[in-house]
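In: Need a 3D model of the following:
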Amino acid sequence: MLPSPGALRRLSFGLSDAAVILGTLLVLALVARVGAGAFVAFVPPKHLPSVSLDPRNLPYYAARSTLRMFVALGASFVFTLVYGYAAARSRYAERVLIPLLDILQSVPVLGFLSITVTGFIALFPGSLLGLEAASVFAIFTSQAWNMAFSFYQSLRTLPSDLVEATEAFRLSGWQRFVRLELPAGTIGLVWNAMMSFGGGWFFLAASEAISVLNQQYTLPGIGSYVAAAVAARDMPALGYAVLAMAVVILAVDQFFWRPIVAWADKFRLDQSAAAEAPQSWVYDTLRSSRALLRVLRALRRANDRVGIVLSALTRPRTQALARAPRSPIVDRAYDAFLVAVVAVLLALGFHFVLSMVGIAEVFHVIILGAATLARVLALLVLATLVWTPIGVAIGFMPRLARLLQPLALFLASFPANFVFPFATLAFIRFHISINYGSMLLMALGAQWYILFNTIAGAASIPTDLREMVDDVGLVGWKRWRRLIAPGIFSSWITGAITASGGAWNASIVSEVVSWGATTLTATGLGAYIAAATAKGDWPRIALGVGVMSIYVVAVNRLLWRRLYALAEKRYRL
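Out: Predicted coordinates for the structure are as follows:
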């Protein structure tokens, strides 16, 4: 008996199915081929990986680096959901996790490498997997903090009417998370993930060509290829690396980020759809694949079963529970405990530093920190003036976004330190002081946080509010004051905080730049930490990282947290 026409249509196999299946197999084959390089022998100094400047090796090196980036991105996403949710939902956890996040984002990548690289190598003796894990962890530390801040901010500024609806329908904690909290934070999280991914490229050279504690370790990758080309003053090799990096960024944009942006548009908190939704040919291909649809249906059924169990384990959040009075005694005891822990840690840190470093050098490092702080603040002001209007335009006009988003993503993702050698040559030729030039180099890596958060904030403003403002005739400054500034305010704060942390981190590689044997060093805290890390000088590493953390936490406490509180009270949709 022949199958019915309806059954034949259900069993039909189209071009989109072939494309999805072949693409999946190709990705799995590439991951297996490239990932196998992480399991080779690593026994210093007998078995050490090396990097060749032959451009024929660049595709393999680029694939190795890209795999590290995506592994770190996956870890960052899991960290973001757990850490951001815990900080937003528990006032006691928030008092620890948010200041800790301030400190973590202020610790430079080289600082994490100094602490962790030896431990990771010891964890996998005789295998390159330990060094690979250290590299991935270093990239993770350049991605995770920005994403966690974004998700935390979105949870703290949920629309009040939607929160009340979840309480009225007595949704469990899991239902509230998957139906309101995660969808509400998706757009901001996607844009910040793109920015974090770009930030990971910035520190790729430091995480692949590791120079810490008087030891040199090199992993095959495009970052270590660039470091080798700079050391050899090989301009053609550097040009090949720039071209390969451009190809990788464009490919990741087309096959990964654009489909995700198009998918995330359905999570807009609108009563009406966007005037023109983001488009992606890859996303359209995936949606039209019947094979993928069957897989997703099976996964959805499994997810529903898990959701039933998790819903039973999490109780609904009622108004009485949300507004439960605080216990003054418990609050004071908790605060006293935190103060005692911080005091003990500070005392141990000061004892360790002062026993090895004189008090005069401590004051000198504080002055160096002030010089770097001035560069960071100047960068934030200039980046806000330049990129906020551009970000709003991209977020409001999908047609413009299709034209400028790839360019913005390319510029943000392209490792700015890849062009540092060219900038160094320009500084030398035109006699530009690195004290001023370093601010430009820092901006190349940090300014994009403000742009991408502004885009996310503008894209999240409901279309019906925009139409209402148009109907009443608000234009120019009035439109900015009544709609745009309040709508993007909380997102801009997230961008400013992460741009500030990114700028402090970027100072490590921006205040010391080289071309061959020529090195330019700025007066600043970043240069101090870079020099101490290269020498393996633990007391000075601790001093530099500690002073940087104090500066970042102080600015966050005195400025950014107050602006966050203002955003929660006055500028919630």
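In: Next, please give the residue ranges for the helices of the stretch 51-200 of the chain.
Out: All helices of the stretch 51-200 of the chain, identified by DSSP state H, counting those that start in this stretch, fall at 58-89, 91-106, 109-123, 129-156, 160-168, 173-176, 182-202.
In: Which other helices and strands does the helix or strand following the last one contact?
Out: Looking back up the chat, that one is helix 182-202. Next along the chain after helix 182-202, taking DSSP states H and E as the criterion, comes helix 204-208. Helices and strands touching helix 204-208, by 3 or more CB pairs under 8 Å, 6 or more residues apart in numbering; DSSP states H and E, are helix 58-89, helix 109-123, helix 129-156, helix 222-232, helix 485-510. Backbone N, C-alpha and C define where each C-beta goes, glycine included.
In: Per-residue confidence, the closest residue to residue 495 other than its chain neighbours, what does it come out as?
Out: Distances taken as CB to CB, 6 or more residues apart in numbering place residue 453 nearest to residue 495, at 3.0 Å, with adjacent residues excluded. pLDDT, residue 453: 83.
In: Tally up the residues packed near residue 453, please.
Out: 32 (other CB atoms under 10 Å).
In: Over to residue 168?
Out: When neighbours are defined as other CB under 10 Å, residue 168 has 10 of them.
In: Could you do residue 443 as well?
Out: 23.
In: just residue 83 next, same as before
Out: Neighbour tally, residue 83, other CB under 10 Å: 23.
In: So it sits against residue 96, correct?
Out: No: using CB atoms under 8 Å as the test, residue 83 is too far from residue 96 to be in contact (11.0 Å).
In: hang on, the earlier thing: nearest approach to residue 41 belongs to which of the helices and strands packed on helix 204-208?
Out: Judged by CB to CB, the one of the helices and strands packed on helix 204-208 that comes nearest to residue 41 is helix 129-156, at 10.5 Å.
In: Now do that closest one against helix 58-89, angle only.
Out: 40 degrees (axes from the mean of the first three to the mean of the last three CA atoms, to 10 degrees).
In: between helix 129-156 and helix 109-123, what angle do the directions make?
Out: 130 degrees.
In: Helix 129-156 vs helix 182-202, what angle?
Out: Using the same axes, to 10 degrees: helix 129-156 against helix 182-202 is 140 degrees.
In: How far away from the center of its chain is helix 129-156?
Out: Mean-position distance between helix 129-156 and its chain equals 6 Å (CA atoms, centre = their mean, to the nearest Å).
In: for the record, mean pLDDT for it?
Out: The average pLDDT for helix 129-156 rounds to 87.
In: just stretch 14-27 next, same as before
Out: 86.
In: what about residue 404, neighbour count?
Out: Neighbours of residue 404 (other CB under 10 Å): 16.
In: one step back: what separates the helix or strand where the residue nearest to residue 495 lies from the chain centre, distance-wise?
Out: Element membership of residue 453 [criterion: DSSP H and E] is helix 448-460. On the basis of CA atoms, centre = their mean, helix 448-460 sits 13 Å off its chain's mean C-alpha point.
In: Number the residues from 69 up from this point.
Out: Got it, first residue is 69 now, which makes that one helix 516-528.
In: Mind giving me the packing neighbours of the helix or strand just after that helix?
Out: Using DSSP H and E, the helix or strand that follows helix 516-528 in sequence is helix 531-539. Using 3+ CB pairs under 8 Å, 6+ apart, no helix or strand is in contact with helix 531-539.
In: Name the next helix or strand downstream of helix 531-539, please.
Out: Once the chain leaves helix 531-539, the next helix or strand it forms, by DSSP H and E, is helix 544-547.
In: related to what we said a few turns ago, want to try JSON lines for the helices of the stretch 119-268 of the chain, with distance to residue 356 as columns?
Out: Putting these into JSON lines (distance: least, CB to CB, whole Å) gives the following:
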{"stretch": "helix 126-157", "distance to residue 356": "25"}
{"stretch": "helix 159-174", "distance to residue 356": "41"}
{"stretch": "helix 177-191", "distance to residue 356": "41"}
{"stretch": "helix 197-224", "distance to residue 356": "30"}
{"stretch": "helix 228-236", "distance to residue 356": "32"}
{"stretch": "helix 241-244", "distance to residue 356": "31"}
{"stretch": "helix 250-270", "distance to residue 356": "22"}
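In: which of the residues in the strand or helix carrying residue 307 are buried?
Out: Residue 307 is part of helix 303-320 when elements are defined by DSSP H and E. The neighbour-count check on helix 303-320 (16 or more other CB atoms under 10 Å) flags 305, 306, 308, 309, 310, 312, 313, 316, 317, 320 as buried.
In: That helix vs helix 126-157, what angle?
Out: Using the same axes, to 10 degrees: helix 303-320 against helix 126-157 is 50 degrees.
In: what's the spacing between stretch 418-434 and its chain's center?
Out: How far stretch 418-434 lies from its chain's middle: 32 Å, per CA atoms, centre = their mean.
In: can you list contacts of that stretch?
Out: Identification of contacts with stretch 418-434 by CB atoms under 8 Å, 6 or more residues apart in numbering yields 593, 596, 606, 607, 608, 610, 611, 612, 614, 615.
In: and it, average pLDDT?
Out: For stretch 418-434, the mean pLDDT works out to 82.
In: Show me which positions of it end up buried.
Out: Applying a neighbour-count criterion of 16+ other CB under 10 Å, one finds 421, 425, 429, 433 buried in stretch 418-434.
In: Assess the claim that residue 266 and residue 477 are in contact.
Out: Yes: counting by CB under 8 Å, residue 266 touches residue 477, with 7.4 Å between them.
In: So for those two, which sits in the more crowded spot?
Out: Neighbours were counted for residue 266 and for residue 477 using other CB under 10 Å; residue 266 has more, 27 against 24.
In: Report the contact partners of the more buried one.
Out: With contacts defined as CB under 8 Å, 6+ apart, residue 266 is in contact with 477, 480, 481, 482, 516.
In: Out of the buried residues of stretch 418-434, which sit inside strands?
Out: Among these, none falls in strands (DSSP state E).
In: Turn those into a markdown table, including distance to residue 221.
Out: A markdown table is the format used below for those (distance: CB to CB, whole Å):
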| residue | distance to residue 221 |
| --- | --- |
| 421 | 34 |
| 425 | 38 |
| 429 | 38 |
| 433 | 32 |
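In: for these, which one is nearest residue 453?
Out: residue 433 (31.1 Å).
In: Check the gap between that closest one and residue 320 for me.
Out: In this view, residue 433 and residue 320 are 39 Å apart by CB to CB, to the nearest Å.
In: Kindly report the same for residue 557.
Out: Using CB to CB, residue 557 is found at 30 Å from residue 320.
In: Residue 450 too?
Out: Taken as CB to CB, the span from residue 450 to residue 320 is 28 Å.
In: Provide a list of residue ranges in the stretch 319-468 of the chain with pLDDT below threshold.
Out: Within the stretch 319-468 of the chain, the stretches with pLDDT under 70 are 337-344, 385-395.
In: where exactly do the strands run in the stretch 269-418 of the chain?
Out: Counting by DSSP state E, counting those that start in this stretch, the stretch 269-418 of the chain has strands at residues 277-280, 283-286.
In: neighbours of the nearest residue to residue 302 once chain neighbours are set aside, just the number please.
Out: Spatially, and ignoring its direct neighbours in sequence, residue 302 is nearest to residue 121 (5.8 Å; CB to CB, 6+ apart). Residue 121 has 16 neighbours, counted by other CB under 10 Å.
In: With respect to residue 408, which of the contacts of stretch 418-434 is nearest?
Out: Closest approach to residue 408 among the contacts of stretch 418-434 (CB to CB): residue 614, at 18.9 Å.
In: Just the pLDDT at that closest one, thanks.
Out: With respect to pLDDT, residue 614 has a value of 84.
In: thinking again about what came up before, lowest-confidence stretch among the strands of the stretch 269-418 of the chain?
Out: Here the lowest mean pLDDT among the strands of the stretch 269-418 of the chain goes to strand 277-280, at a mean of 66.
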